[in-house]
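Peer 1: fold the following and give me the result.
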Amino acid sequence: MTDTLLIDRADGVVTLTFNRPDALNALTDELKAAFRDQLAALSADPTCRAIVLAGAGRAFCVGQDLREHVANLQAGIPLTTVREHYNPIAATLAAMPKPVVAAVRGAAAGAGASLAFLADFRVGGPGTSFSMAFAGIGLTSDTGASLTLPRLVGHAKATEMLMLGTKVKAEEALRIGLVGTLTETDDDVLPEAQKLAARLAEGPTVAYAYIKRTMSAAEHVPLSETLDLEAEAQLRCSQTADHKGAVESFVAKRPIVFEGR
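Peer 2: The predicted model follows:
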(Lines give C-alpha, C1' and ligand atoms only; values in the text may rest on other atoms or scores of the structure.)
Protein backbone atom coordinates (compact mmCIF):
# COMPACT_ATOMS: atom_id res chain seq x y z
CA MET A 1 0.00 0.00 0.00
CA THR A 2 2.11 2.92 1.31
CA ASP A 3 4.67 3.44 4.06
CA THR A 4 2.34 6.01 5.65
CA LEU A 5 0.09 3.11 6.71
CA LEU A 6 1.74 0.08 8.31
CA ILE A 7 -0.05 -3.26 8.36
CA ASP A 8 0.80 -6.02 10.81
CA ARG A 9 -0.93 -9.40 11.09
CA ALA A 10 -0.71 -11.76 14.05
CA ASP A 11 -3.12 -14.58 14.95
CA GLY A 12 -6.19 -13.04 13.36
CA VAL A 13 -5.45 -9.51 14.61
CA VAL A 14 -4.60 -6.85 12.02
CA THR A 15 -2.93 -3.71 13.35
CA LEU A 16 -3.17 -0.64 11.15
CA THR A 17 -0.67 2.04 12.17
CA PHE A 18 -0.71 5.62 10.92
CA ASN A 19 2.97 6.16 10.16
CA ARG A 20 3.70 9.88 9.95
CA PRO A 21 5.18 10.36 13.44
CA ASP A 22 6.99 13.60 12.59
CA ALA A 23 3.61 15.12 11.66
CA LEU A 24 1.78 13.52 14.62
CA ASN A 25 0.15 11.21 12.08
CA ALA A 26 -1.77 14.00 10.38
CA LEU A 27 -3.93 12.65 7.59
CA THR A 28 -2.83 13.30 4.01
CA ASP A 29 -4.84 12.25 0.97
CA GLU A 30 -2.37 9.40 0.45
CA LEU A 31 -2.83 8.09 3.99
CA LYS A 32 -6.61 8.51 3.96
CA ALA A 33 -6.95 6.65 0.65
CA ALA A 34 -4.72 3.80 1.88
CA PHE A 35 -6.66 3.56 5.15
CA ARG A 36 -10.04 3.65 3.39
CA ASP A 37 -9.06 0.91 0.94
CA GLN A 38 -7.44 -1.30 3.57
CA LEU A 39 -10.49 -1.11 5.83
CA ALA A 40 -12.72 -2.13 2.95
CA ALA A 41 -10.46 -5.11 2.23
CA LEU A 42 -10.36 -6.18 5.88
CA SER A 43 -14.13 -6.00 6.16
CA ALA A 44 -14.39 -8.87 3.67
CA ASP A 45 -11.26 -10.75 4.82
CA PRO A 46 -12.18 -13.89 6.80
CA THR A 47 -8.63 -14.22 8.14
CA CYS A 48 -9.01 -10.88 9.94
CA ARG A 49 -10.93 -11.43 13.18
CA ALA A 50 -10.12 -8.16 14.99
CA ILE A 51 -8.54 -4.82 14.10
CA VAL A 52 -6.30 -2.46 16.07
CA LEU A 53 -5.92 1.18 15.07
CA ALA A 54 -2.70 2.86 16.22
CA GLY A 55 -0.39 5.78 15.56
CA ALA A 56 3.40 5.71 15.31
CA GLY A 57 5.36 7.88 17.73
CA ARG A 58 3.89 10.11 20.41
CA ALA A 59 0.41 10.75 18.97
CA PHE A 60 -2.50 8.67 17.78
CA CYS A 61 -3.62 11.07 15.04
CA VAL A 62 -4.17 14.84 15.01
CA GLY A 63 -6.59 14.81 12.09
CA GLN A 64 -6.34 16.50 8.72
CA ASP A 65 -2.90 17.55 7.51
CA LEU A 66 -3.41 21.32 7.42
CA ARG A 67 -0.34 21.98 5.27
CA GLU A 68 -1.87 19.90 2.50
CA HIS A 69 -5.27 21.47 3.19
CA VAL A 70 -4.07 25.08 2.98
CA ALA A 71 -2.32 24.32 -0.31
CA ASN A 72 -5.65 23.09 -1.68
CA LEU A 73 -7.42 26.20 -0.38
CA GLN A 74 -4.88 28.48 -2.03
CA ALA A 75 -5.27 26.58 -5.28
CA GLY A 76 -9.05 26.93 -5.10
CA ILE A 77 -9.59 23.19 -4.80
CA PRO A 78 -12.95 22.49 -3.09
CA LEU A 79 -13.13 20.42 0.09
CA THR A 80 -13.99 17.02 -1.38
CA THR A 81 -12.06 14.84 1.08
CA VAL A 82 -15.06 14.43 3.40
CA ARG A 83 -17.08 12.62 0.75
CA GLU A 84 -14.08 10.98 -0.90
CA HIS A 85 -12.22 9.77 2.20
CA TYR A 86 -13.73 10.48 5.61
CA ASN A 87 -17.30 9.39 4.87
CA PRO A 88 -16.40 5.98 3.41
CA ILE A 89 -13.87 5.43 6.21
CA ALA A 90 -16.51 6.20 8.85
CA ALA A 91 -19.16 4.08 7.14
CA THR A 92 -16.83 1.09 6.84
CA LEU A 93 -15.65 1.33 10.45
CA ALA A 94 -19.22 1.69 11.74
CA ALA A 95 -20.34 -1.38 9.81
CA MET A 96 -17.16 -3.40 10.35
CA PRO A 97 -18.31 -6.98 11.09
CA LYS A 98 -15.46 -7.60 13.52
CA PRO A 99 -14.24 -5.84 16.66
CA VAL A 100 -12.13 -2.68 16.35
CA VAL A 101 -9.82 -1.48 19.14
CA ALA A 102 -8.21 1.97 19.06
CA ALA A 103 -4.82 2.24 20.79
CA VAL A 104 -4.98 5.94 21.61
CA ARG A 105 -1.46 6.84 22.62
CA GLY A 106 -1.03 10.61 22.99
CA ALA A 107 -3.20 13.13 21.17
CA ALA A 108 -6.30 12.29 19.17
CA ALA A 109 -7.61 15.49 17.60
CA GLY A 110 -10.14 16.44 14.96
CA ALA A 111 -10.75 13.59 12.53
CA GLY A 112 -8.19 11.55 14.47
CA ALA A 113 -10.44 11.68 17.53
CA SER A 114 -13.46 10.94 15.33
CA LEU A 115 -11.75 7.77 14.10
CA ALA A 116 -11.12 6.64 17.67
CA PHE A 117 -14.79 7.22 18.54
CA LEU A 118 -15.79 4.81 15.76
CA ALA A 119 -13.87 1.95 17.39
CA ASP A 120 -15.67 -0.51 19.63
CA PHE A 121 -13.02 -0.18 22.34
CA ARG A 122 -10.49 2.54 23.16
CA VAL A 123 -7.34 2.00 25.24
CA GLY A 124 -5.44 5.04 26.47
CA GLY A 125 -2.44 5.96 28.60
CA PRO A 126 -1.32 8.85 30.82
CA GLY A 127 -0.62 11.07 27.82
CA THR A 128 -3.88 10.38 25.99
CA SER A 129 -6.04 13.37 25.12
CA PHE A 130 -9.00 14.10 22.88
CA SER A 131 -9.83 17.44 21.29
CA MET A 132 -12.31 18.36 18.59
CA ALA A 133 -10.32 20.95 16.68
CA PHE A 134 -12.86 21.65 13.93
CA ALA A 135 -14.51 24.86 15.18
CA GLY A 136 -11.10 26.35 15.96
CA ILE A 137 -10.44 26.58 12.22
CA GLY A 138 -14.01 27.46 11.24
CA LEU A 139 -15.24 23.99 10.39
CA THR A 140 -17.89 21.65 11.71
CA SER A 141 -17.30 18.03 12.72
CA ASP A 142 -16.93 15.13 10.31
CA THR A 143 -16.06 11.41 10.25
CA GLY A 144 -19.23 10.65 12.18
CA ALA A 145 -18.42 12.62 15.35
CA SER A 146 -21.84 14.32 15.32
CA LEU A 147 -23.28 10.88 16.11
CA THR A 148 -20.54 9.00 17.95
CA LEU A 149 -19.41 11.69 20.39
CA PRO A 150 -22.87 12.45 21.88
CA ARG A 151 -23.47 8.69 22.03
CA LEU A 152 -20.33 8.31 24.17
CA VAL A 153 -20.45 11.36 26.43
CA GLY A 154 -23.93 12.87 26.10
CA HIS A 155 -25.19 15.88 24.17
CA ALA A 156 -24.03 18.59 26.59
CA LYS A 157 -20.42 17.40 26.87
CA ALA A 158 -20.23 16.75 23.14
CA THR A 159 -21.44 20.32 22.45
CA GLU A 160 -18.76 21.68 24.78
CA MET A 161 -16.05 19.67 23.10
CA LEU A 162 -17.19 20.51 19.58
CA MET A 163 -17.91 24.22 20.03
CA LEU A 164 -15.25 25.20 22.57
CA GLY A 165 -12.58 22.75 21.52
CA THR A 166 -12.21 21.64 25.14
CA LYS A 167 -9.36 19.15 25.52
CA VAL A 168 -10.20 16.01 27.48
CA LYS A 169 -7.18 14.44 29.15
CA ALA A 170 -6.65 10.85 30.19
CA GLU A 171 -8.33 10.67 33.60
CA GLU A 172 -11.41 12.59 32.47
CA ALA A 173 -11.54 10.51 29.30
CA LEU A 174 -11.77 7.39 31.45
CA ARG A 175 -14.38 8.97 33.73
CA ILE A 176 -16.71 10.05 30.93
CA GLY A 177 -16.28 6.95 28.79
CA LEU A 178 -14.04 8.11 25.94
CA VAL A 179 -11.63 5.30 26.88
CA GLY A 180 -12.46 2.04 28.59
CA THR A 181 -8.94 1.28 29.82
CA LEU A 182 -5.99 3.42 30.94
CA THR A 183 -2.57 1.83 31.08
CA GLU A 184 0.15 2.81 33.53
CA THR A 185 2.50 4.07 30.81
CA ASP A 186 2.03 5.27 27.25
CA ASP A 187 4.31 2.48 26.06
CA ASP A 188 1.74 -0.02 27.33
CA VAL A 189 -1.12 1.33 25.22
CA LEU A 190 -0.52 -0.60 22.00
CA PRO A 191 0.37 -3.93 23.69
CA GLU A 192 -2.75 -3.66 25.86
CA ALA A 193 -4.92 -2.88 22.83
CA GLN A 194 -3.44 -5.82 20.93
CA LYS A 195 -3.99 -8.08 23.93
CA LEU A 196 -7.67 -7.08 23.98
CA ALA A 197 -7.93 -7.58 20.21
CA ALA A 198 -6.34 -11.02 20.49
CA ARG A 199 -8.93 -11.97 23.12
CA LEU A 200 -11.71 -10.76 20.83
CA ALA A 201 -10.21 -12.58 17.84
CA GLU A 202 -10.52 -15.85 19.74
CA GLY A 203 -14.18 -15.20 20.42
CA PRO A 204 -17.45 -15.73 18.52
CA THR A 205 -16.84 -13.16 15.81
CA VAL A 206 -20.10 -13.90 13.98
CA ALA A 207 -22.00 -13.14 17.18
CA TYR A 208 -19.91 -9.98 17.66
CA ALA A 209 -20.92 -8.79 14.21
CA TYR A 210 -24.60 -9.25 15.01
CA ILE A 211 -24.20 -7.57 18.41
CA LYS A 212 -22.71 -4.52 16.69
CA ARG A 213 -25.33 -4.49 13.95
CA THR A 214 -28.27 -4.87 16.33
CA MET A 215 -27.02 -2.24 18.79
CA SER A 216 -26.50 0.25 15.98
CA ALA A 217 -29.94 -0.31 14.49
CA ALA A 218 -31.67 -0.26 17.88
CA GLU A 219 -30.75 3.40 18.37
CA HIS A 220 -33.01 4.42 15.49
CA VAL A 221 -36.02 2.10 15.66
CA PRO A 222 -38.78 1.40 18.21
CA LEU A 223 -38.63 -1.52 20.64
CA SER A 224 -40.90 -3.68 18.47
CA GLU A 225 -38.44 -3.47 15.59
CA THR A 226 -35.51 -4.03 17.92
CA LEU A 227 -37.11 -7.24 19.14
CA ASP A 228 -37.55 -8.40 15.55
CA LEU A 229 -33.91 -7.58 14.79
CA GLU A 230 -32.77 -9.51 17.86
CA ALA A 231 -34.91 -12.50 16.94
CA GLU A 232 -33.49 -12.62 13.43
CA ALA A 233 -29.91 -12.15 14.67
CA GLN A 234 -30.37 -14.85 17.30
CA LEU A 235 -31.72 -17.24 14.67
CA ARG A 236 -28.69 -16.61 12.44
CA CYS A 237 -26.26 -17.07 15.33
CA SER A 238 -27.97 -20.25 16.47
CA GLN A 239 -27.19 -21.78 13.08
CA THR A 240 -23.43 -21.16 13.29
CA ALA A 241 -20.82 -23.79 13.95
CA ASP A 242 -19.57 -21.60 16.79
CA HIS A 243 -22.86 -21.83 18.67
CA LYS A 244 -23.27 -25.56 18.18
CA GLY A 245 -19.68 -26.26 19.18
CA ALA A 246 -19.83 -23.95 22.20
CA VAL A 247 -23.00 -25.55 23.57
CA GLU A 248 -21.67 -29.05 23.06
CA SER A 249 -18.36 -28.14 24.69
CA PHE A 250 -20.12 -26.46 27.62
CA VAL A 251 -22.27 -29.51 28.30
CA ALA A 252 -19.28 -31.82 27.96
CA LYS A 253 -17.15 -29.52 30.14
CA ARG A 254 -14.58 -29.07 27.37
CA PRO A 255 -12.80 -25.80 26.54
CA ILE A 256 -14.83 -23.76 24.06
CA VAL A 257 -13.04 -22.93 20.81
CA PHE A 258 -14.60 -20.46 18.40
CA GLU A 259 -13.79 -20.57 14.69
CA GLY A 260 -15.69 -17.52 13.47
CA ARG A 261 -18.23 -19.41 11.39
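Peer 1: so the residue lying closest to residue 209 once chain neighbours are set aside versus residue 162, what's the distance?
Peer 2: Excluding its sequence neighbours, the residue lying closest to residue 209 (Cβ to Cβ, 6 or more residues apart in numbering) is residue 97, at 3.8 Å. In this view, the C-beta of every residue, glycine as well, is placed from N, C-alpha and C. Taking Cβ to Cβ, to the nearest Å as the measure, residue 97 falls 29 Å from residue 162.
Peer 1: ok, these two, which is more surrounded?
Peer 2: Shown here are residue 97 and residue 162; by other Cβ atoms under 10 Å, residue 162 has more neighbours (19 against 15).
Peer 1: quick check: buried residues in the host helix or strand of residue 172?
Peer 2: For residue 172, the host element (DSSP states H and E) is helix 170-176. Residues 170, 172-174 are the ones in helix 170-176 that count as buried (16 or more other Cβ atoms under 10 Å).
Peer 1: next, format these as JSON lines and append pLDDT and distance to residue 181.
Peer 2: Putting the buried residues of helix 170-176 into JSON lines (pLDDT from 0 to 100; distance: Cβ to Cβ, whole Å) gives the following:
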{"residue": "170", "pLDDT": "97", "distance to residue 181": "11"}
{"residue": "172", "pLDDT": "97", "distance to residue 181": "15"}
{"residue": "173", "pLDDT": "98", "distance to residue 181": "11"}
{"residue": "174", "pLDDT": "98", "distance to residue 181": "8"}
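Peer 1: in a markdown table, list these along with distance to residue 182.
Peer 2: Putting the buried residues of helix 170-176 into a markdown table (distance: Cβ to Cβ, whole Å) gives the following:
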| residue | distance to residue 182 |
| --- | --- |
| 170 | 6 |
| 172 | 11 |
| 173 | 8 |
| 174 | 5 |
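Peer 1: identify, from those, the entry nearest to residue 38.
Peer 2: Nearest to residue 38 among the buried residues of helix 170-176: residue 173, at 26.8 Å, using Cβ to Cβ.
Peer 1: neighbours of the closest residue to that closest one other than its chain neighbours, how many?
Peer 2: Among residues not flanking residue 173 along the chain, residue 179 sits closest, at 4.8 Å (Cβ to Cβ, 6+ apart). Residues contacting residue 179 under the criterion other Cβ under 10 Å number 27.
Peer 1: just the strands in the stretch 151-261 of the chain please.
Peer 2: With strands called from DSSP state E, counting those that start in this stretch, the stretch 151-261 of the chain shows them at 168-169, 181-182.
Peer 1: do the stretch 1-150 of the chain as well
Peer 2: 5-10, 13-18, 50-55, 59-61, 100-104, 107-109, 121-124, 129-131.
Peer 1: now mean neighbour count too, for those strands, in CSV please.
Peer 2: As requested, those are exported to CSV (neighbours: other Cβ atoms under 10 Å):
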stretch, mean neighbour count
strand 5-10, 14
strand 13-18, 22
strand 50-55, 27
strand 59-61, 28
strand 100-104, 29
strand 107-109, 27
strand 121-124, 27
strand 129-131, 24
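Peer 1: figure out which of the ones you listed is closest to residue 216.
Peer 2: It is, among the strands of the stretch 1-150 of the chain and with distance given as Cβ to Cβ, strand 100-104, at 13.0 Å.
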